[in-house]
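In: structure of the sequence below:
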Amino acid sequence: MNSKRTVQVGDIFATPLPMNKYGAVKVMNIINHSYLLSITSYIGEQIPTIESKGIHHILITESIADGVEKPLFEWTNGRVPRELIFIGNVSLTADEIGVESNIYAGEWTKECGIDVYYKWREETDPIGFELEMKSQIEEADAYARKHSVSKPKKMMDDQLFWEIISLLDWRKEDEKEIIEAAVKELSTFTAWKIRHFEETLSYKLFLLDTEEHAKEMGEYRFSQQDQHFSPDLFLYARCAVVARGKEVFEDVLSNPSKMIKDTEFETLLSLSSEAYYLKMGKEFEYESGCSYETFSNKEGWSNNL
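Out: Here you go, the predicted structure:
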């Protein structure tokens, strides 16, 4: 990848996958330093070319949220990972122009095309894939539980934090537009204040990270007998609670049965990084004292840790 080349809509990049395979992603839209990617259906042992079968077809996957099969698009931030290989540019088709997504995948990493590998593994070796994924989840959960930190660093004044959250504009339909005013307001503060905001957000999400709240999140709630619980989906559900403001947060925190059902707002996790980039012109790097990842609150999950 030529680091001096500017990423453009229609660019296609080959992505490394496990088991010595390659996939590919296509840039569908660009807003500031965020990129809407589609994962193509290509998977093979050779680095694909523009003529490769599958390059021009978007991967169809089953949504975790509603179980409906649909094309996979997701937003990502940052620079193109050095492991990705630029293979060409193809103009968007009429069907591709204007596609939207409310999925935020975080920083752009070399794993951005991994879903095509997961689908291939599930189709070619379903039993082995199930065991592999179960092992990975158990290892990740064990690591999170062992290394989780529960003491917050310096936080933002609580009233100021909720004033910024109150700027979320629910009249908008696009999630990035919902947080736009809050991003602009937070970007007027110092870099340290932006870190303090992130610390406050992390701590509030940490407080909601309990088994009782997970049991009340809706269809994909936590259950010892049900394997459909998603730690990531529970994190995004907790984001939806905080995003609704102080009264809702405090009500849900004290009464888990009032947990907002079947609702998520993952984009809240990008608020600090977007504001920091607007302020400083570079990527936001900060590790909070309290992890907001699911299972980090050991006391909240004491019956299962």
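
In: the stretch 201-305 of the chain: helices as residue ranges?
Out: For the stretch 201-305 of the chain, applying DSSP state H, counting those that start in this stretch gives helices covering 211-214, 231-243, 246-254, 271-280.

In: nearest to S34, out of those?
Out: Nearest of the helices of the stretch 201-305 of the chain to S34, taken as CB to CB: helix 271-280 at 8.3 Å. For glycine as for every other residue, the C-beta is placed from the backbone atoms N, C-alpha and C.

In: about what we covered before: using TSV, lay out the helices of the stretch 201-305 of the chain together with mean neighbour count and distance to F265.
Out: Below are the helices of the stretch 201-305 of the chain laid out as TSV (neighbours: other CB atoms under 10 Å; distance: least, CB to CB, whole Å):
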stretch	mean neighbour count	distance to F265
helix 211-214	21	15
helix 231-243	22	4
helix 246-254	15	12
helix 271-280	21	10
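
In: which among these is found nearest to Q224?
Out: Among the helices of the stretch 201-305 of the chain, helix 211-214 sits nearest to Q224 (CB to CB), with 9.9 Å.

In: put the alpha carbons of the closest one into CSV.
Out: Extracted in CSV, the C-alpha atoms of helix 211-214 (Å, rounded to 0.1, in the frame of the first residue of the first chain):
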residue,chain,number,x,y,z
GLU,A,211,-25.4,-9.8,35.1
GLU,A,212,-28.8,-8.4,36.2
HIS,A,213,-28.7,-5.7,33.5
ALA,A,214,-27.6,-8.2,30.9
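
In: make 17 the starting number, not 1.
Out: All set: I'll call the first residue 17, so the last point we hit is now helix 227-230.

In: and it, what's its mean pLDDT?
Out: Regarding helix 227-230, the rounded mean pLDDT is 95.

In: ditto for stretch 90-99
Out: 85.

In: outside of that stretch, which residues touch it?
Out: Stretch 90-99 has contacts (CB atoms under 8 Å, 6 or more residues apart in numbering) with 17, 19, 23, 29, 31-32, 49-53, 55, 102, 117, 119-126, 128, 192, 286, 289, 293, 299.

In: how many neighbours does G144 have?
Out: 11 (other CB atoms under 10 Å).

In: the bottom helix or strand of the protein by mean pLDDT?
Out: strand 85-87 (a mean of 68; mean pLDDT, DSSP states H and E).

In: longest strand in the protein, please.
Out: strand 37-47 (DSSP state E).

In: which SS class is A30?
Out: Three-state assignment for A30 (DSSP: H, G, I helix; E, B strand; the rest coil): strand.

In: swap that for R211, sorry
Out: Under three-state DSSP, R211 falls in the helix class.

In: how about it, nearest residue that isn't a chain neighbour?
Out: Excluding the flanking residues, the one nearest R211 by CB to CB, 6 or more residues apart in numbering is Y302, at 5.2 Å.

In: pull the contacting residues for the one you found.
Out: R211, E214, S288.

In: the first one: neighbour count?
Out: Think R211. 22.

In: also the second one?
Out: For E214, the number of neighbouring residues by other CB under 10 Å comes to 25.

In: distance check, it against G261.
Out: 18 Å (CB to CB, to the nearest Å).

In: and if you look at the last one?
Out: When CB to CB is applied, the distance between S288 and G261 equals 18 Å.

In: tell me the contacts of L221?
Out: By CB under 8 Å, 6+ apart, the residues touching L221 are L251, R254, C255, V258, Y308.
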